[in-house]
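J.: Fold the following.
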Amino acid sequence: MNHRSIGGVSVGEIGLGGMPMSIEGRPDEARSIATIHAALDAGVTFIDTADAYHRDADEVGHNELLIAKALESYRGDTSDVLVGTKGGHLRPGDGSWTLNGRPEYLKQAARASATRLGVEAIGLYQFHRPDPEVDYADSVGALGELLDDGVIRMAGISNANVDQIRLAQRILDGRLVSVQNQFSPAFTSSRAELDVCAELGIAFLPWSPLGGIARARDLGGKSATFARIGTEIGVSPQRVCLAWELSLAPVVIPIPGASRPASIQDSAHASDLTLTPEQIEELSA
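T.: Next up is the predicted model:
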């Protein structure tokens with residue numbers, strides 16, 4: 001697998017999104033761990049999670065604990081694996097989402113995540129989603145304190161707009177390393193944020209890069225051209241999709257969710273697929 005970097009840390013060009021392994025419709029634990037192990041076998045060295053990736057109210061951090069267990073049981077070397085988690089977005093357990101961007105809460109949540117992941121310092125910690133009840137600068141400022149205190153090694157933000165990216169970079173004194181926004185063929189409204197990340201040299205981590213859990217098979221209804229090109233070159237349309245996203249900027253690291261070993265193994269091979277300029281132009285259109 002080819003490599004890119006997050007804050008100077010080398011990772012594969014494709015990451016693994018852990019969310020499908022912990023929310024509604026999730027597989028059993030054995031298959032989830034097998035999926036994480038398959039990702040590692042395929043060369044994936046960046047795994048994305050969040051304390052809110054859980055189903056029931058009493059299992060906050062389910063996905064963090066799952067990833068920690070999978071890494072501990074993996075027979076290979078995991079010293080180069082970067083785990084990124086997030087805080088500030090919560091699930092009460094009824095399928096809804098709530099927000100808490102208060103600095104004191106984020107600092108508490110980060111320490112709890114570190115405990116669940118079994119690490120002294122979290123590799124990458126991202127503010128999950130802006131809280132309209134809290135000044136954005138205050139929320140991001142908490143990330144700076146976590147960096148200074150050694151609770152986290154790198155800081156990022158998620159679901160941010162262009163102004164918030166630039167503000168966060170200023171507040172963190174140039175230490176912002178990643179932005180995780182929704183981006184896929186069916187959802188390209190974060191292209192401006194992607195371009196800003198390319199300008200600033202910040203990793204852009206598309207979540208739901210295939211269109212979402214329920215729509216990954218048809219790429220959110222945008223699969224026709226991807227399927228045709230995939231047929232022409234003998235690969236899945238999903239692999240074409242991820243290769244297309246990689247072609248948009250050298251800072252892009254898609255994090256497709258997976259709940260089966262075969263799906264992440266197919267996705268991981270996207271980094272080996274080189275599309276022609278004509279194919280990229282057609283897919284972008």
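
J.: ok, now which ones touch Gly263?
T.: Actually, residue 263 is Ser. It isn't Gly. Thr35, Gln238, Pro256 (Cβ atoms under 8 Å, 6 or more residues apart in numbering). Bear in mind the C-beta positions are built from the backbone N, C-alpha and C, glycine included.

J.: Which single one of the residues you listed is nearest to Thr231?
T.: For the contacts of Ser263, the closest approach to Thr231 (Cβ to Cβ) belongs to Gln238, at 12.9 Å.

J.: Identify the residues contacting the spatially closest residue to Phe204 that is not a sequence neighbour.
T.: Nearest residue to Phe204 in three dimensions, chain neighbours excluded: Cys197, at 4.0 Å (Cβ to Cβ, 6 or more residues apart in numbering). Neighbouring residues of Cys197 by Cβ under 8 Å, 6+ apart: Ile165, Val179, Ala203, Phe204, Ala249, Val251.

J.: taking the contacts of Ser263 one by one, which sit in helices?
T.: Assigned to helices by DSSP state H, the following of those qualify: Thr35, Gln238.

J.: Leu219 against Phe187, yeah?
T.: No. Using Cβ atoms under 8 Å, Leu219 makes no contact with Phe187, being 10.3 Å away.

J.: Val177 should be in a helix, yeah?
T.: No. Secondary structure of Val177 (DSSP: H, G, I helix; E, B strand; the rest coil): strand, not part of a helix.

J.: Tally up the residues packed near the closest residue to it other than its chain neighbours, please.
T.: Leaving aside its sequence neighbours, Val177 sits nearest to Gly7 (Cβ to Cβ, 6+ apart; 3.3 Å). Counted by other Cβ atoms under 10 Å, the residues lying close to Gly7 total 19.

J.: Starting from Asn100, give me the distance back to the most far-flung residue of the chain relative to its centre.
T.: The centre of the chain is farthest from one residue, Glu232, which by Cα atoms, centre = their mean lies 29.5 Å away. Computed as Cβ to Cβ, to the nearest Å, the Glu232 to Asn100 distance reads 48 Å.

J.: Can you pull out the low-pLDDT segments for the chain?
T.: Applying pLDDT under 70 to the chain picks out no residues at all.

J.: mind listing the helices in this protein by residue range?
T.: 29-41, 62-73, 103-117, 136-148, 162-171, 191-200, 224-233, 237-248, 261-268, 277-284.

J.: from those, which stretch is densest packed?
T.: The highest average neighbour count among these, using mean count of other Cβ atoms under 10 Å, belongs to helix 237-248 at a mean of 24.

J.: Quick one: list the elements packing against that helix.
T.: On a contact count with 3 or more Cβ pairs under 8 Å, 6 or more residues apart in numbering; DSSP states H and E, helix 237-248 meets helix 224-233, helix 261-268, helix 277-284.

J.: So which of the ones you listed is nearest Asp94?
T.: helix 261-268 (28.3 Å).

J.: now the closest one, how far from the chain's geometric center?
T.: 16 Å (Cα atoms, centre = their mean, to the nearest Å).

J.: ditto for stretch 138-155
T.: With Cα atoms, centre = their mean, you get 19 Å for stretch 138-155.

J.: Quick check: Val44 vs Ala155, distance?
T.: On the measure of Cβ to Cβ, Val44 and Ala155 end up 22 Å apart.

J.: hmm, back to that, so which pair among the contacts of Cys197 is furthest apart in space?
T.: Ile165 and Ala249 (14.0 Å).

J.: quick one: contacts for Arg31?
T.: Arg31 neighbours (Cβ under 8 Å, 6+ apart): Ser259, Arg260, Pro261.

J.: tell me which of those residues is nearest to Gly84?
T.: Of the contacts of Arg31, the one sitting nearest to Gly84 (Cβ to Cβ) turns out to be Ser259, at 18.8 Å.
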